[in-house]
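> no sequence on this one, just coordinates:
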């Protein structure tokens, strides 16, 4: 029954999404009140039926209903309950269902919010309906999670053990909340173009913020998971899957800043619309990259092209239609902005210049090898050294300019006052850079630069908060977000420039040294987990002759899936992470042990949390008083 | 600020303390630094997007040993890279070469930067000349 209920719910959801798009788009005309009511009702109905389908799949997974192909392929009775639930989106079909669930949630939220005028909301709902319909068709025809299996097997195949982890369980819903959240900005932008609404950015802002917060946290969660689960001690690999999530974040960041200017002074109206379209387009491209199989091999994709081809067509149609609409209607919405070269508008413009260039570096670095392989068969690697000379300098250059934005007023800023206010920040930055250059071993110019920029950002955030006569939530929001970036930068610099590592083969009782710590292998014992067998090491950590703690890195074998995983042991202090991974067993009971000391590593993710907190502050101030807050963007208090 | 200083001191401390060489490294620190720098530029061919510097795979370990043997024999970094490219193709280089096939790859980000900056300056000049009162 469960499968049939799910299938039926998906079909009804598809029907409702079609009604939603028709009613929503016709509700964009003046006076079509009935159509608008139908659109709102079908948005709610869409959420109900998609949630029902998602619930059906979750239930099937919980009760291990192996008559459903998807459950049989991805679950197992021995799997712990939490991973039976999170395993629902640990596979292609389930994750696409989650995608549509999040899309329906945003659609319902737009229907409830009713910000920005009835016609704008109705058109936005119509666009969301089109997107939901396109993805529901994709699920029903190429990725149906409710296909039956007859006869039902006695036991399921299990879930990739790497995915049986709480970090990765939470990563996809968070990331999708961000990815798909950009659909709301896209829908509002398209709706603004359809209805000729100039003042759309204000209505869309809460959705932009929600998407940006979720993307920030989702990327951080993914990076944290890679850090502790993969056992290489790294936190970012410039892997295409990671890049696919970074690009929407970069554009969403640009959009938040550009939309601020549009909302406040009417500047950059077309550009903001274009960013809203680009952000969601990159989400779609990211989904395509991850979901079509094109990344594992362009040839694997060619062998089973149905999914990838459908999604490519979807992207071309959605993006093409939006861009055509943009080219046709945007000129009529633009009004010439007027601002002085020394103004907040200028700083926001350069924020966008650098973010766009940084995004282009990630975009070309991710897609070029795929295109080259596809067209000529030549295989090429685009790795960290490429991004170190393209992405990183662009991003750092932007960070240097960040403090000027909040210190300059709209339209015409006082450049001298800004310089005077920020002078102490520059002093602190210089001291920090010189201190790192003088003290840190090995000496690193890049490290000095990174610490200087980070100190500059943090100092400027503090200066900005202290200099305001009235402290508004939006000031706190930008100060937190900018300081959070600095904290992450410190973590990245510390970990990449001053990490120490050691790899040794130890017999019980033997010791090794890493970064001032002495590690002693006290033994390795077997342990039986719920659905795995583990070899668990006892490694004593000594510092200056004193035993600090005993750590337990593990190696696990999942017999059902026939796969090994590494469970790292990490001891986190404010200063560093001591990171241990247990390698292979060698002859005579000896084990490979990999150890890293990653200075300041925890700050990478702490910074992301601070950034997200800034996002929450902005979101909270918007939801509390959506109309007034935008107009009290304070001017510098001097 | 105080916290920043404390963090700084801790970074310095942990970096100083890590001076002891691990086995398998070259005795000459300059040569070892060259080996490490090279390792970060080469892809582990059997893994997903890792350098041989960070990979656990046996092939990566073999390549690390090969690099050290050749450095000890006095070969230059370029000669070692050329040897590996001849053996495994451009795919092994994490920093793609700059040639006819990759001009577009390398130049696009800078072209976008210059173009975007140009547009921004044009917008700023136009906005400065526009009649006041739009805001």
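Looks like it arrived, so ask away. As the structure is a prediction and not an experimental result, all values here were calculated from the model.
> the nearest residue to residue A:564 once chain neighbours are set aside: what secondary structure?
Once flanking residues are discounted, residue A:564 sits nearest to residue A:557: 5.7 Å by CB to CB, 6 or more residues apart in numbering or on different chains. The C-beta positions use only the backbone N, C-alpha and C, and glycine is treated the same way. Assigned with DSSP: H, G, I helix; E, B strand; the rest coil, residue A:557 falls in the strand class.
> ok, residue A:557 to chain B distance?
Remark: distance between residue A:557 and chain B (CB to the nearest CB, to the nearest Å) = 16 Å.
> where exactly do the helices run in the stretch 51-200 of chain A?
A:69-74, A:81-86, A:92-113, A:118-142, A:166-195 (DSSP state H, counting those that start in this stretch).
> nearest to residue A:583, out of the ones you listed?
Checking these against residue A:583 by CB to CB gives helix A:166-195 as the closest, at 21.6 Å.
> and that closest one, what does it pack onto?
Applying 3 or more CB pairs under 8 Å, 6 or more residues apart in numbering or on different chains; DSSP states H and E, we find helix A:166-195 packed against helix A:81-86, helix A:92-113, helix A:118-142, helix A:201-230, helix A:240-265, helix A:269-291, helix A:306-333.
> so how far is the first one off the chain centroid?
Meaning helix A:81-86. 22 Å (CA atoms, centre = their mean, to the nearest Å).
> got it, and the longest one?
Here helix A:201-230 is found 4 Å from its chain centre; the criterion is CA atoms, centre = their mean.
> that helix relative to helix A:269-291, how many degrees between them?
30 degrees (axes from the mean of the first three to the mean of the last three CA atoms, to 10 degrees).
> ok, helix A:201-230 near chain B or not?
No - against chain B, helix A:201-230 shows no contacts by CB under 8 Å from any CB of the partner chain, the least distance being 9.0 Å.
> I'd like the mean pLDDT over that helix, please.
Per-residue pLDDT over helix A:201-230 has a mean of 93.
> same for it, what does it pack against?
helix A:92-113, helix A:166-195, helix A:240-265, helix A:269-291, strand A:563-567, helix A:602-624.
> coming back round to it: partners of the residue nearest to residue A:564 in the sheet?
Listed by DSSP bridges, the beta-bridge partners for residue A:557 are residue A:533, residue A:564.
> please tell me I have it right and it contacts residue A:529.
No - Residue A:557 is beyond contact range of residue A:529, at 9.6 Å (criterion: CB atoms under 8 Å).
> which secondary structure element of the chain has the lowest mean pLDDT?
This is for chain A. helix A:298-303 (a mean of 58; mean pLDDT, DSSP states H and E).
> break chain A into its domains for me.
According to automatic domain parsing, chain A comprises the domains A:1-161, A:500-599.
> tell me the most buried of these?
Greatest average neighbour count among these goes to domain A:1-161 (a mean of 21), per mean count of other CB atoms under 10 Å in any protein chain shown.
> end-to-end on that one?
End-to-end span of domain A:1-161 (CA to CA, to the nearest Å): 29 Å.
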